[in-house]
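Asks: from the sequence below, what's the structure:
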Amino acid sequence: QVRLVESGGGLVQVGGSLRLSCAASGRTFSRYDMGWFRQAPGKEREPVAVINWRGDSTDYANSVKGRFTISRDNAKNTVYLQMNSLKPEDTAVYYCAANGLPHTIVVLTTFRPDYWGQGTQVTVSS
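Replies: Predicted coordinates for the structure are as follows:
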């Protein structure tokens with residue numbers, strides 16, 4: 001079992017930055033691939049970024065490539081999402097997710113979450 005708690009969301013102006021954090025419980029965090037998803041009002045939840053258990057493989061949605069960076073600190077049981085150059089279309093609830101089957105190479109489109117966090121709201125104002 002893994003419990004995930006997100007933090008760091010808020011209101012930011014266009015072009016600004018935010019860093020989301022996801023703190024995980026459990027001794028086996030370092031063996032989980034991790035991901036960030038988001039869901040905007042009236043839209044389906046979509047994957048944003050994923051990182052493998054070792055932190056040496058990442059993949060991103062085209063819409064955030066070059067602006068967002070996913071990273072992890074296994075010693076702190078935490079995964080991060082650094083978001084720069086934010087746009088109004090980035091407004092959404094952001095969810096942290098964990099997959100219990102570790103991969104050497106992680107692929108955004110095949111990442112299947114086993115656990116979810118409760119979400120944190122990110123609002124980008126224009």
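Asks: quick one: contacts for the spatially most central residue of the chain?
Replies: Taking C-alpha atoms, centre = their mean, the centroid of the chain lies closest to W36, which sits 2.2 Å from it. Contact analysis of W36 by C-beta atoms under 8 Å, 6 or more residues apart in numbering lists 20, 22, 47-50, 70, 79, 81, 94-97. For every residue, glycine as well, the C-beta is placed using N, CA and C.
Asks: please redo it, this time with the cut-off set to 10 Å
Replies: W36 sits next to 6, 20, 22, 47-51, 60-61, 64, 68, 70, 79-81, 83, 94-97, 117 when contact means C-beta atoms under 10 Å, 6 or more residues apart in numbering.
Asks: same check on G15?
Replies: The contact partners of G15, taken as C-beta under 10 Å, 6+ apart, are N84, S85, L86, K87, V124, S126.
Asks: now the residues you listed in a markdown table, with secondary structure and distance to I105?
Replies: Formatted as a markdown table, the contacts of G15 follow (DSSP: H, G, I helix; E, B strand; the rest coil; distance: C-beta to C-beta, whole Å):
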| residue | secondary structure | distance to I105 |
| --- | --- | --- |
| N84 | coil | 25 |
| S85 | coil | 27 |
| L86 | coil | 28 |
| K87 | coil | 29 |
| V124 | strand | 31 |
| S126 | coil | 37 |
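Asks: how about those in JSON lines, adding neighbour count and pLDDT?
Replies: Below are the contacts of G15 laid out as JSON lines (neighbours: other C-beta atoms under 10 Å; pLDDT from 0 to 100):
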{"residue": "N84", "neighbour count": "14", "pLDDT": "98"}
{"residue": "S85", "neighbour count": "13", "pLDDT": "98"}
{"residue": "L86", "neighbour count": "22", "pLDDT": "98"}
{"residue": "K87", "neighbour count": "14", "pLDDT": "98"}
{"residue": "V124", "neighbour count": "19", "pLDDT": "98"}
{"residue": "S126", "neighbour count": "8", "pLDDT": "89"}
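Asks: which of those residues sits closest to S30?
Replies: S30 lies nearest to N84 out of the contacts of G15, by C-beta to C-beta, at 26.7 Å.
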